[in-house]
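K.L.:
here is a sequence together with a model predicted from it:
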Protein chains: 2
Amino acid sequence: MDDVKGSAGLPATVVFRLGTLGALAGDRFAEKIEVYDLKVKHVGLMTVLSLGPAVSQQDLAAKMGVAPSLVVSLADHLETLGAVQRVRDPQDRRRQVLTLTAHGRDLLDKCATEARALDEEFTAALAPDQVAALRQALSVLSAEAGLP
Amino acid sequence: MDDVKGSAGLPATVVFRLGTLGALAGDRFAEKIEVYDLKVKHVGLMTVLSLGPAVSQQDLAAKMGVAPSLVVSLADHLETLGAVQRVRDPQDRRRQVLTLTAHGRDLLDKCATEARALDEEFTAALAPDQVAALRQALSVLSAEAGLP
DNA sequence: GTGAATCATTCAAACTCTGAACGATTCTGA
DNA sequence: TCAGAATCGTTCAGAGTTTGAATGATTCAC
């Protein structure tokens, strides 16, 4: 005779769990990449770049769901790290075309390695088939939401 | 002959997916509860309160993983909304004991309803057994992390 | 060619959150 | 009993992040 009002409580919802676990995962990942002088959004930018060329910084901002002015400062920092290269588009000289450098790809690889290590810790309490099911479900949700 | 470097890329990790989907879920939920003049953290505080009495605001802060000074302002706002009641603990008059009012419980219920509606949208692309598997996996992860 | 539109950039400002005060209260041990 | 240490809530200044409105440069449309 529990949950008198409609069904289960807030903590049982997927949305709540994604929010809280996502925040936790983000914080932990942030700690890991601190060594490389990177924040989560820097990795986000590099990830988008690694998935395909961005026409412009505005394009990048749209793909990241963030203001163009933020892309500027993120790219500034990545450029000083040598992870990214800014090249004026000869076809349209208003545009700055960002490309990952070899060092940028290397950095991104290191981040991916950190993430996989975190995955191990995070999913340690799950059975292998549970992990597979989780990956599959998250993959579908990401695709559905237009996320990388 | 893909992924030359170690295994899959960053976007395929559980940590990355939890981070991005969690941010998206949080944003969408924030929009939904804007009507009630609530932010995500307000709901977080009320959720913790609904799960069991908090000895003090510091206890609450610890459970939320947040600075005690933030609990003050969150509680201030919830108090003006009439969602929460501050009562000095007679046993230890330094402590403010926060309790959910009837209106607070009602508000929390409304938030849960919004979350369940979002769940529907979010998981619409998943088969029923996939949703069940996702819920189960997230539930284990939350428990493991000591989250509500 | 001229005006409108688009791009990157800068900058001030909004927002969230923290950490260091501070006063009030309780605890500790001599 | 009582003085000093510890704990609680609160305030406040400030750090960190992100946005939106300028601005200047370039391109587009007609």
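P.N.:
Happy to help now that I have it.
K.L.:
and the contacts of the helix or strand hosting residue A:117?
P.N.:
In this structure, residue A:117 sits in helix A:102-122 according to DSSP states H and E. Contacts to helix A:102-122, defined as Cβ atoms under 8 Å, 6 or more residues apart in numbering or on different chains, come from residues A:25, A:28-29, A:32-33, A:36, A:38, A:43, A:46-47, A:49-50, A:78, A:81-84, A:100, B:5-10, B:13-16, B:18, B:141. To be clear about C-beta, it is placed using only N, CA and C from the backbone, and glycine gets the same treatment.
K.L.:
point to the residue nearest the middle of chain A.
P.N.:
Closest residue to the average C-alpha location of chain A: residue A:44 at 4.1 Å, with Cα atoms, centre = their mean.
K.L.:
give me the nearest residue to that residue, chain neighbours excluded.
P.N.:
residue A:64 (5.9 Å; Cβ to Cβ, 6 or more residues apart in numbering or on different chains).
K.L.:
going by neighbour count, which residues in stretch A:17-37 are buried?
P.N.:
For stretch A:17-37, burial by neighbour count (16 or more other Cβ atoms under 10 Å in any protein chain shown) applies to A:17-26, A:28-29, A:32-33, A:36.
K.L.:
need the max-distance pair from the residues you listed.
P.N.:
Greatest spacing in those, by Cβ to Cβ: A:17 and A:36 (29.2 Å).
K.L.:
hang on, the earlier thing: distance of the residue nearest to residue A:44 from residue B:28?
P.N.:
Going from residue A:64 to residue B:28 by Cβ to Cβ, to the nearest Å gives 17 Å.
K.L.:
could you pull out the strands in chain A for me?
P.N.:
Using DSSP state E, the strands of chain A run over A:84-88, A:96-100.
K.L.:
which among these is found nearest to residue A:59?
P.N.:
strand A:96-100 (9.7 Å).
K.L.:
contacts for the closest one, please.
P.N.:
For strand A:96-100, the external contacting residues (Cβ under 8 Å, 6+ apart) are A:45-46, A:49-50, A:53-57, A:60, A:75, A:83-89, A:108.
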